[in-house]
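**Q** This is a predicted model, with the sequence first.
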Amino acid sequence: MSNELENQNEKWELMIEQIKELFFEFGIKNLNMDDISHKLGISKKTLYRFVKSKEDLITRLFEYDQRKKVESMKLFGLQQVNSIEKLFKVSLMIYEEMKRFNPMILFELRKYYEPLYNEFNAQRLAIISQSMTLNLKKGISEGLYRQDLNTEAVVAIYMSHLVEIHNNAEVCKIANVTFDELFKVMFENHIRAISTPQGVAYFEKRKIEIIESLKNSN
């Protein structure tokens, strides 16, 4: 019985990843359950074994993404690196996720599935906020971040900057600046603002390698 359940879970995870890619490519409104099952190469009956409706599918997709994000955050937490390195890894993960999100998908979620989106967004922001708060406390204890930081304000400002990067596509075009360049400047400004001289010195020493890892992620 446990093997059957495990196989079902693996099949569902494969399907949900494929469905996520379909939404990224075609948008949410343009795909109905017939389209999804056809593109997955399965019957609609098989699809309905896993979900009750399109709304249920979107809910499950949100839950899957949240679980994956929490798992990634935990893995980052286990890595034996300092707070600056961890902040970069978490920020890069969030940024890569936002970069993939077509603004049209966000528009459709807000317009057609607003309660689901609001709940998902609140949970997503809470996870990110908790991770960043822990990072700030760790950085302070390591002597890399300043003792006098207002952690709640710092987290709120940094998260708003990450969101604004994604929302300012037109600004990037006008200024002839890429999202990646904007992210690099935003991250460096943030580190310099919250760090002690020791933290800034560490960042300077690792700056080229950290920025190189951003290039390699693309």
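**A** That came through, no problem.
**Q** Walk me through the domains of this structure.
**A** Residue ranges for the domains of the chain, per automatic domain parsing: 1-50, 53-216.
**Q** Same list (those) but as CSV, adding mean neighbour count and mean pLDDT.
**A** For the C-beta atoms, the positions are set from N, CA and C on the backbone; glycine is no exception. CSV is the format used below for these (neighbours: other C-beta atoms under 10 Å; pLDDT from 0 to 100):
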stretch, mean neighbour count, mean pLDDT
domain 1-50, 13, 86
domain 53-216, 15, 84
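**Q** What strand or helix carries the most centrally placed residue in the chain?
**A** Nearest residue to the geometric centre of the chain (C-alpha atoms, centre = their mean): Ile94, 3.2 Å. According to DSSP states H and E, Ile94 maps onto helix 83-100.
**Q** Likewise for Gln8?
**A** In the assignment (DSSP H and E), Gln8 maps to helix 2-26.
**Q** right, and Ile105 touches Glu25 too?
**A** No: using C-beta atoms under 8 Å, Ile105 is not in contact with Glu25, being 10.2 Å away.
**Q** residue boundaries of the helices in the chain?
**A** 2-26, 33-40, 44-47, 54-78, 83-100, 103-112, 114-142, 151-167, 169-175, 179-194, 197-216 (DSSP state H).
**Q** Leaving out chain neighbours, which residue sits closest to Leu109?
**A** In space, and not counting its chain neighbours, Leu109 is closest to Tyr117: 4.2 Å by C-beta to C-beta, 6 or more residues apart in numbering.
**Q** returning to that earlier point: so how far is Ile28 from the residue nearest to the centre of the chain?
**A** As judged by C-beta to C-beta, to the nearest Å, Ile94 and Ile28 stand 21 Å apart.
**Q** quick one on the thing from earlier: my guess is the residue nearest to the centre of the chain meets Ile128, correct?
**A** Yes: shown here, Ile94 and Ile128 form a contact pair, counting by C-beta under 8 Å, at 6.3 Å.
**Q** Contact partners for Leu144?
**A** Taking C-beta atoms under 8 Å, 6 or more residues apart in numbering, we find Leu144 in contact with Asn82, Ser83, Ile84, Ser195, Thr196, Gln198, Gly199, Tyr202.
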